[in-house]
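In: Predicted model follows, preceded by the sequence.
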Amino acid sequence: MNGYEKGGETKVAIEIEGPLPQGHLEILIPQNGHRLQEVVDDQKHTLPIIRQVEGLEGVAGVRIPMQSSVRLVFR
């Protein structure tokens, strides 16, 4: 997983090698006092944001179908 921040954005790229398990990926980032406004994928589709994750506080992100490669922009 690679990620970096620039101008209010965090870009995340994930690549998984080998057989994929069934289920979903949850990609979460800390809020650090800033409220996540939008998450978009490579095709510029806006993804639904999850803000409540059992056992975690102060994070937000997305839940997407399992896939071997994904790139997201968190704004």
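Out: Alright, I've got the coordinates. Numbering: from 1, shown residues only.

In: Find the nearest non-adjacent residue to residue 51, please.
Out: Take residue 51 and drop its neighbours on the chain: the residue closest to it by C-beta to C-beta, 6 or more residues apart in numbering is residue 60, 4.8 Å away. To be clear about C-beta, it is placed using only N, CA and C from the backbone, and glycine gets the same treatment.

In: contacting residues for residue 16?
Out: By C-beta atoms under 8 Å, 6 or more residues apart in numbering, the contact set of residue 16 is 67-69.

In: still on that earlier bit, check what contacts the host helix or strand of the residue nearest to residue 51 and list those residues.
Out: Take DSSP states H and E as the rule and residue 60 turns out to sit in strand 59-65. By C-beta under 8 Å, 6+ apart, the residues outside strand 59-65 that reach it are 24-31, 35-36, 39, 41, 47-51, 53, 70, 72, 74.

In: Please flag which of these sit within helices.
Out: The members of the contacts of strand 59-65 all map outside helices under DSSP state H.

In: Okay, strands next: where are they in the chain?
Out: For the chain, applying DSSP state E gives strands covering 2-6, 9-15, 24-30, 39-41, 59-65, 69-74.

In: quick one: the residue nearest to residue 51 and residue 40, what's the gap?
Out: 14 Å (C-beta to C-beta, to the nearest Å).

In: out of those two, which sits in the more crowded spot?
Out: residue 60 (20 against 16; other C-beta atoms under 10 Å).

In: since we're on residue 74, how many residues are nearby?
Out: By other C-beta under 10 Å, neighbour count at residue 74 equals 23.

In: ok, residue 14 - contacts?
Out: For residue 14, the contact set (C-beta under 8 Å, 6+ apart) comprises 1, 25, 27, 69-71.

In: ok, now how distant is it from residue 48?
Out: The spacing between residue 14 and residue 48, counted by C-beta to C-beta, is 18 Å.

In: Looking at strand pairing, list the partners for the nearest residue to residue 42 once chain neighbours are set aside.
Out: Counting by C-beta to C-beta, 6+ apart, residue 42 lies nearest to residue 71, which is 5.0 Å off, once chain neighbours are set aside. On the basis of DSSP bridges, residue 71 is bridged to residue 13.
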